[in-house]
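Participant: Sequence first, predicted coordinates after that:
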Amino acid sequence: MSRLNREWHEANPMPKNPTPEQRMGWHAGHAAHCACRAMPAGVVRLFTERGVPLPAQQGDSAPADPKG
């Protein structure tokens, strides 16, 4: 993964001191719009613990691997 969507990143900064829900929302949007890196394990864990399906990464045909 290396394709940075600079416009998306500039328009969507991560909030300071985000709640878990804000982190999940930001990373879901990130996965849909940018392929610069995989979702961090801690965020994958948030989705998994809440029973929320992992969003597919842009350019991938399958959701992120929950085992990291």
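Facilitator: Received it, and whenever you're ready, just let me know what you need.
Participant: From here on, just use CA atoms for contacts and neighbour counts.
Facilitator: OK.
Participant: Which strands or helices does the lengthiest helix in the chain pack on?
Facilitator: As assigned by DSSP state H, the longest helix anywhere in the chain is helix 20-33. Helix 20-33 is packed against helix 41-49, with contacts defined by 3 or more Cα pairs under 8 Å, 6 or more residues apart in numbering; DSSP states H and E.
Participant: and the residue most central in space within the chain, what does it touch?
Facilitator: By Cα atoms, centre = their mean, the chain has its centre lying nearest to His27, at 2.6 Å. For His27, the contact set (Cα atoms under 8 Å, 6 or more residues apart in numbering) comprises Met39, Val43.
Participant: make it 10 Å
Facilitator: Residues counted as contacts of His27 (Cα atoms under 10 Å, 6 or more residues apart in numbering) are Met14, Glu21, His33, Cys34, Ala38, Met39, Pro40, Val43, Val44, Leu54, Pro55, Gln57.
Participant: In the longest helix of the chain, which residues are buried?
Facilitator: Across helix 20-33, burial judged by 16 or more other Cα atoms under 10 Å covers Arg23, Met24, Trp26, His27, Ala28, Gly29, His30, Ala31, His33.
Participant: coming back round to it: just flag the most distant two among the contacts of His27.
Facilitator: Spatial extent of the contacts of His27 (Cα to Cα) is set by the pair Glu21 and Cys34 at 19.4 Å.
Participant: related to what we said a few turns ago, now tabulate the contacts of His27 in a markdown table and tack on pLDDT.
Facilitator: Putting the contacts of His27 into a markdown table (pLDDT from 0 to 100) gives the following:
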| residue | pLDDT |
| --- | --- |
| Met14 | 95 |
| Glu21 | 96 |
| His33 | 93 |
| Cys34 | 91 |
| Ala38 | 91 |
| Met39 | 93 |
| Pro40 | 95 |
| Val43 | 96 |
| Val44 | 96 |
| Leu54 | 94 |
| Pro55 | 92 |
| Gln57 | 86 |
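Participant: And these, which is closest to Leu4?
Facilitator: Nearest to Leu4 out of these is Cys34 (Cα to Cα; 5.9 Å).
Participant: what's the spacing between the closest one and Arg50?
Facilitator: 24 Å (Cα to Cα, to the nearest Å).
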